[in-house]
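Q: coordinates only, no sequence provided:
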């Protein structure tokens, strides 16, 4: 039986990889590698907890401002992630999806994304959405342009129509947004979808974010009183 106290959709901002590496006297890329290795462990734990959708903020539209060498490493890291983790995702019936403008990615990275989409398309136990070249404002602009291109008149525009043209059109809004890393902001992540999400912040850096840390966030969520504007 489904536990109604467990969030159906959890979103996580994967923050703190670079600082984690710096604390260990290592290059930032070492932190990104360790952070990527943590993704599947947390995803499988989330699935076992009863979470159905997991959305991970991996690379934002603003991250292109980082040094070219770091961006190049991150693009190649995604390819490595698919190569190394795809079998484990298949074994755990996890379906991969990507949110964002994938057309701007290097060709080999797009190829890896397509492979992951094709291989996992029939899996159903956990839906993992990786936000890649994603920005919340850019997503809203994309949705507005899509609505205009489809010929809708202004009086026809509703919240449901906007939702249907977001990258997350077939995904329920997050119940819980988790941000490791100590920062207290949402950094342009799912800004339309998290209107009524519960927010959880922790100083724990993403590479150190274990299943126990995930459980702490779930326990905090269970104590929240979600009113959605009501007074109950």
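A: Sure thing, it's come through. These numbers come from a predicted model, not from an experiment. Numbering: from 1, shown residues only.
Q: what's the helix or strand for the spatially most central residue of the chain?
A: For the chain, the residue sitting closest to the mean C-alpha position, by C-alpha atoms, centre = their mean, is residue 56 at 1.8 Å. Assessed by DSSP states H and E, residue 56 sits inside strand 53-60.
Q: that older thread, hey, what's the residue nearest to the centre of the chain bridged with?
A: Beta-bridge pairing for residue 56 (DSSP bridges): residue 12, residue 130.
Q: do a quick rundown of the helices in this structure.
A: Taking DSSP state H, the helices of the chain run over residues 17-23, 28-49, 68-91, 107-120, 136-149, 159-164, 211-222.
Q: quick one: which of those helices is nearest residue 229?
A: helix 159-164 (13.9 Å; C-beta to C-beta). Yep, even glycine has a C-beta here, placed from its N, CA and C like the rest.
Q: could you list the residues in contact with the closest one?
A: 140, 143, 147, 152, 169, 192 (C-beta atoms under 8 Å, 6 or more residues apart in numbering).
Q: can I assume the first one is in contact with residue 191?
A: Spelled out, that is residue 140. Yes - with contact defined as C-beta atoms under 8 Å, residue 140 counts as touching residue 191 (7.5 Å).
Q: next, count neighbours for residue 164.
A: When counting by other C-beta atoms under 10 Å, one arrives at 14 neighbours for residue 164.
Q: and it, how far is that from residue 69?
A: From residue 164 across to residue 69, the span is 39 Å (C-beta to C-beta, to the nearest Å).
Q: and for residue 151?
A: In terms of C-beta to C-beta, residue 151 sits 45 Å off from residue 69.
Q: which one of these two has more residues nearby?
A: Neighbours were counted for residue 151 and for residue 69 using other C-beta under 10 Å; residue 69 has more, 11 against 7.
Q: list phi and psi for the closest residue to residue 52 other than its chain neighbours.
A: What sits nearest to residue 52 in space, not counting adjacent residues and going by C-beta to C-beta, 6 or more residues apart in numbering, is residue 8, at 5.1 Å. Main-chain torsions, residue 8, degrees, to the nearest 10: phi -70, psi -40.
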